[in-house]
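S.K.: Everything below, folded, please.
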Amino acid sequence: MTGATSRVALVTGASSGIGAETARLLATRGIAVVVNYLHSGPAAAQVVADIEAAGGQAMAVQADVRDPAAVETMLERVSAAWGGIDVLVHNALTPYAIKSFQDMTWEELGGKLDDEMRAAFVVTKAVLPTMKEQGWGRLIYLGTGLSRRPREEMIALGTAKAALTQFARYLAQELGPDGITVNVVEPGPVAETKISAVLDEGQTQRQVAATPLGRLARPADVAQAVAFYASEDNAFMTGTTAAVNGGMSMY
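M.R.: Residues are numbered from 1 along each chain as shown. Below you'll find the predicted structure:
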């Protein structure tokens, strides 16, 4: 399989959790996958090894997606091997404070907002030229149910992701004429992720009890929604948000 015969997807923050599961799933569908990571080189290499062992095509590339120069270098490497990016799955999660507004500084709240939007802005700007030139593209952003349904001490993440979701809607309106769809996948609580590790057992059980389907989402559940938005099948959905939360919140 070569870049000329396959779609190419960039999955940011793909060394673990939702990003890794998404990378593996997209690869099973014949998409060549760029496994982006910041710090977790060995974990990213393992995701690539898993994909290749299953017959897929992948490469791991380190880049801080907040840094335009780093993103440009990453895309140059991808372009040399496979060509431009057809599908962007922006999943990378920048650090954030978990505390009440009362205890939070502007540097913590404003810093998270800046990191969140800077990363989305930089990586989107970088991949758009190929998509516009070919008249086809898929932009998928990972949001969170916390942007709609507040939870104690999660104001930094929830506010930043709400901004990201609205950013995606504006892009959907602007880029529709170019054949580019833009959508958000908004998980509720997800097991087996770094975020889930901060919850105690009581909090987890309360979340399960509030979920009609009787369990928390798994990374694979979220990856399935992303894969639909990334596919040729999604010809006419743009500016939408998929809530992957087992019915915990309905909208």
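S.K.: Would you map the strands across the stretch 1-150 of the chain?
M.R.: 8-11, 32-37, 58-62, 87-90, 137-142 (DSSP state E, counting those that start in this stretch).
S.K.: Could I get the pLDDT score of residue 221?
M.R.: Listed pLDDT for residue 221 reads 97.
S.K.: and the gap between the closest residue to residue 250 other than its chain neighbours and residue 61?
M.R.: Spatially, and ignoring its direct neighbours in sequence, residue 250 is nearest to residue 243 (7.5 Å; C-beta to C-beta, 6 or more residues apart in numbering). The way it works is simple: take the backbone N, C-alpha and C, and place the C-beta from them, glycine included. Separation of residue 243 from residue 61 (C-beta to C-beta, to the nearest Å): 31 Å.
S.K.: Can you list the low-confidence ranges for the chain?
M.R.: Scanning the chain for pLDDT under 70 picks out 1-5, 193-199.
S.K.: which strand in it runs the most residues?
M.R.: Longest strand of the chain, by residue count under DSSP state E: strand 180-187.
S.K.: State the next helix or strand along the chain beyond that strand.
M.R.: helix 201-209 (DSSP states H and E).
S.K.: which parts of that next one are buried?
M.R.: For helix 201-209, a neighbour-count test (16 or more other C-beta atoms under 10 Å) marks 207-208 as buried.
S.K.: try stretch 48-62
M.R.: The neighbour-count criterion (16+ other C-beta under 10 Å) identifies 48, 50-51, 56-62 as the buried residues of stretch 48-62.
S.K.: in the sheet, who's paired with the residue nearest to residue 240 when sequence neighbours are not counted?
M.R.: In this structure, residue 240 finds its nearest non-sequential neighbour in residue 183, 5.2 Å apart by C-beta to C-beta, 6+ apart. Beta-bridge pairing for residue 183 (DSSP bridges): residue 140.
S.K.: Residues contacting the longest strand of the chain, please?
M.R.: 18, 128, 131-132, 136-145, 147-148, 164-165, 168-169, 171-172, 175, 217, 221-222, 225-226, 229, 234, 237-245 (C-beta atoms under 8 Å, 6 or more residues apart in numbering).
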